[in-house]
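K.L.:
sequence and computational prediction follow.
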Number of protein chains: 2
Amino acid sequence: MPELRKDPISERWVVISTERGKRPTDFKMPAVADESVDSGGAKCPFCSGNEGKTPPEIKAWRKPGTMPNTEGWDVRIVSNKFPALTSEGDVNRTGMGVFDMMSGIGAHEVIIETPNHEMNLPDMPDEHVEKVLWAYKQRIVDLSQDRRFRYTLIFKNYGKAAGASLAHPHSQLISTPITPRYVKLELSNSREYFLEKERCIFCDIIRQELGSGERVVYENEFFVAFTPFASRFPFEIWIMPRRHEYAYEIMPDEERLLLAQCLKEILSRLRKCLNDPPYNYVLHTSPNPLPRPGKPDYWGTIQYDFHWHMEIIPRLTKMAGFEWGSGLYINPTSPEQAAKFLRDVA
Amino acid sequence: MPELRKDPISERWVVISTERGKRPTDFKMPAVADESVDSGGAKCPFCSGNEGKTPPEIKAWRKPGTMPNTEGWDVRIVSNKFPALTSEGDVNRTGMGVFDMMSGIGAHEVIIETPNHEMNLPDMPDEHVEKVLWAYKQRIVDLSQDRRFRYTLIFKNYGKAAGASLAHPHSQLISTPITPRYVKLELSNSREYFLEKERCIFCDIIRQELGSGERVVYENEFFVAFTPFASRFPFEIWIMPRRHEYAYEIMPDEERLLLAQCLKEILSRLRKCLNDPPYNYVLHTSPNPLPRPGKPDYWGTIQYDFHWHMEIIPRLTKMAGFEWGSGLYINPTSPEQAAKFLRDVA
């Protein structure tokens, strides 16, 4: 069974995925691309008609009258065939001397964004992108009911250099019994800011960004996309709701189409401006609400002072050498330059 | 001038290196390797005889009677020709609404480890590796006298995939007016642990690792190398002094040869076990001591409860997709497996 382990010095949690058990020789050669899978069709497990090649369907946006695990879907969610965490069992928390660990319980799912192997997010109609975003919400809400999980992280790896092992358009999610470290840090800092000022730090940033405009790439009625002031990476972009919304899943349905338009527009511009770069995006939302002690039917800790957002990171540089060991990033493109390029490409 | 900028949500500092000013087209093609430089000889700025191709020498381990910026050196330190930070000017700290920034003042130097283009650390005599380690100490001590700097980070990128742009064996250092985030986190957590228990957290970990032995790769009289319990990456290795030493630069001279042997042994085994993988290593030591308020000749804040160490990260996986956005790492090789492979290869 995989394990979650905590480094006591940095307080960093790590998933030790022993099932994958990679040996030294597994790293010696780059993974051989299976072209027949990468080109779609009969061998691609995510293509329409191959529903039997994936684990059973968890949820799907389907045409009326079609059956699960058959054709006729627009967006389809299945378990990851090689999950980093296992969904069976209890979360056992144990100590080993100075170390902490817990059993590697979690969910690891794949959101297949379209039956069409070639249709990436910028190519889809807005309404189809919206269905993908709808799927994200459904899974976050469903998985928050599992009392073992503290967080559901939605992310997308696009392109081999960004970690995608299959070319067919898909996103992933991982639910964990802990809140991932970067999100936790954002949660505690936005809490602290709110307690001091009774204002949301994200709302303050949005007001400042919209005021100066120099880092704004795109905006519509409900959303704004900008290159953050302290961008770690060239062309890093954040998308935020302009109104205060503490969690992705509370976003009203009527806003979702505008988020779809914003996300599609940003990904289209990245593709145009940077020649279809590999990228990752991550959704940072609030942790799962916990029940109140003694009142299991009432929600207790909800962090109303958080503000959900998406972080998009094009994978352009290999320079992350010492960054990995220090946490100090060197970014060779200023966010103001990057925003201007992304505005001009429109 | 480059800028240091702080993200108020994550409290992360970033160097925006505007001088490098990369445009979208700079990322479209992989950098073309200059084979004539990579193969050493007349064009390599770090090879013996080409001393004029680098910025002037800052320090060197030289044969008696030889002149700076000529042949006859064993280890040579020069400024980085394309520095991420600039050494000229004062540290101006300014606020811009919700954001903090300071001028990008700092040192960025290259430690040329040998005049010999082909001689990597595992190929050197122990005594030569020791000279490299001596150079690290000299620079940390010298740069700690510059009151603008809070920290000097020593690191090495080996191989293109780890960020090395020149093949000639070299390490680098960056001095900054802030302490890098990961080091800061380790400093505050080890301080907290000490205040609670009056024991060093690193010493406790070393005791536990030596007791179980399952993650120990190598040990000698003064040093131990092990795969950390919560390894982020396959075959990640930490080297620590067995005795409590709060800073690298206070290491007694007689220990340095044993550190050289330990580092060389570990790098040799990584090369053998993993087929000469790209890697990074980073030296985590204490921040520069600050003078006492009102008593500029006395050292004030020294963090005696820290314990310096080296972190070695082979760059084997591309899977760092969502890790970059979450801070949660998935490691497909357990540290116990990795340690066993590295013991068996000896």
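P.N.:
Nice, thanks for sending it over. Numbers count the residues shown, from 1 in each chain, chains lettered A, B, ... in the order given.
K.L.:
which residue is nearest the middle of chain A?
P.N.:
A:Phe155 (2.2 Å; Cα atoms, centre = their mean).
K.L.:
phi, psi of the nearest residue to A:Val345 once chain neighbours are set aside?
P.N.:
Of all residues not flanking A:Val345 in the chain, A:Cys273 sits nearest, at 4.4 Å (Cβ to Cβ, 6 or more residues apart in numbering or on different chains). Quick note: C-beta positions are derived from backbone N, CA and C, even for glycine. Dihedral pair for A:Cys273: phi -70, psi -30, per degrees, to the nearest 10.
K.L.:
now for A:Cys273: which residues touch it?
P.N.:
Counting by Cβ atoms under 8 Å, 6 or more residues apart in numbering or on different chains, A:Cys273 touches A:235, A:341-342, A:345, B:24.
K.L.:
kindly report the same for A:Gly40.
P.N.:
Per Cβ under 8 Å, 6+ apart, neighbours of A:Gly40: A:47, A:117-118, A:167-168.
K.L.:
narrow the residues you listed to those in strands?
P.N.:
With strands taken from DSSP state E, there is no overlap with the contacts of A:Gly40.
K.L.:
mind putting those into CSV with pLDDT and distance to chain B?
P.N.:
Shown next, in CSV, are the contacts of A:Gly40 (pLDDT from 0 to 100; distance: Cβ to the nearest Cβ, whole Å):
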residue, pLDDT, distance to chain B
A:Cys47, 96, 22
A:His117, 96, 20
A:Glu118, 93, 22
A:Ala167, 93, 15
A:His168, 96, 16
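K.L.:
highest neighbour count among these?
P.N.:
A:His168 (23 neighbours; other Cβ atoms under 10 Å in any protein chain shown).
K.L.:
return the distance of that residue relative to A:Arg76.
P.N.:
11 Å (Cβ to Cβ, to the nearest Å).
K.L.:
hey, what's in contact with both of those two?
P.N.:
If you check A:His168 and A:Arg76 against Cβ under 8 Å, 6+ apart, the residues they both contact are A:Ile112.
K.L.:
find the nearest non-adjacent residue to A:Ala42, please.
P.N.:
Using Cβ to Cβ, 6+ apart and skipping residues adjacent in sequence, the residue nearest A:Ala42 is A:Asn50, 7.2 Å away.
K.L.:
before we move on, back to that, among the contacts of A:Cys273, who's most crowded?
P.N.:
A:Phe235 (28 neighbours).
K.L.:
isn't that residue up against A:Ala339?
P.N.:
No. Judged on Cβ atoms under 8 Å, A:Phe235 makes no contact with A:Ala339 at a distance of 9.0 Å.
K.L.:
check contacts around the nearest residue to A:Val132 once chain neighbours are set aside.
P.N.:
In space, and not counting its chain neighbours, A:Val132 is closest to A:Glu113: 4.9 Å by Cβ to Cβ, 6+ apart. Counting by Cβ under 8 Å, 6+ apart, A:Glu113 makes contact with A:75, A:119, A:121, A:124, A:132, A:169-171.
K.L.:
repeat that for A:Pro234.
P.N.:
Counted by Cβ under 8 Å, 6+ apart, A:Pro234 has contacts A:314, A:316-317, A:331-333, A:338, B:22, B:27.
K.L.:
give me the neighbour count for A:Ala346.
P.N.:
As a measure of burial, A:Ala346 has 11 neighbours, counting by other Cβ under 10 Å.
K.L.:
who are the contact partners of it?
P.N.:
A:Ala346 neighbours (Cβ under 8 Å, 6+ apart): A:218, A:265, A:269.
K.L.:
of those, which is the nearest to chain B?
P.N.:
A:Arg269 (10.6 Å; Cβ to the nearest Cβ).
K.L.:
do I have it right that that closest one meets A:Ala339?
P.N.:
No. A:Arg269 is not in contact with A:Ala339 according to Cβ under 8 Å; the separation is 10.6 Å.
K.L.:
how would you label A:Thr70: helix, strand or coil?
P.N.:
Secondary structure for A:Thr70, judged by DSSP: H, G, I helix; E, B strand; the rest coil, is coil.
K.L.:
ok so, going back, what's the pLDDT at the residue nearest to the centre of chain A?
P.N.:
On pLDDT, A:Phe155 comes in at 95.
K.L.:
restrict the host helix or strand of it to CA atoms and write it as PDB.
P.N.:
Using DSSP states H and E, A:Phe155 sits in strand A:151-158. Output of strand A:151-158 as PDB, limited to C-alpha atoms (Å, rounded to 0.1, in the frame of the first residue of the first chain):
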ATOM      1  CA  TYR A 151      -8.800  17.900  -0.100                       C
ATOM      2  CA  THR A 152      -9.400  17.300  -3.800                       C
ATOM      3  CA  LEU A 153      -6.800  18.700  -6.100                       C
ATOM      4  CA  ILE A 154      -7.800  19.100  -9.800                       C
ATOM      5  CA  PHE A 155      -4.900  19.400 -12.200                       C
ATOM      6  CA  LYS A 156      -4.000  19.000 -15.900                       C
ATOM      7  CA  ASN A 157      -0.700  18.000 -17.500                       C
ATOM      8  CA  TYR A 158      -0.600  18.900 -21.100                       C
END
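K.L.:
and it, what does it pack onto?
P.N.:
helix A:126-144, strand A:170-176, strand A:279-284, helix B:323-326 (3 or more Cβ pairs under 8 Å, 6 or more residues apart in numbering or on different chains; DSSP states H and E).
K.L.:
redo those as JSON lines? Include mean neighbour count and mean pLDDT.
P.N.:
Below are these laid out as JSON lines (neighbours: other Cβ atoms under 10 Å in any protein chain shown; pLDDT from 0 to 100):
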{"stretch": "helix A:126-144", "mean neighbour count": "19", "mean pLDDT": "97"}
{"stretch": "strand A:170-176", "mean neighbour count": "23", "mean pLDDT": "95"}
{"stretch": "strand A:279-284", "mean neighbour count": "24", "mean pLDDT": "95"}
{"stretch": "helix B:323-326", "mean neighbour count": "23", "mean pLDDT": "79"}
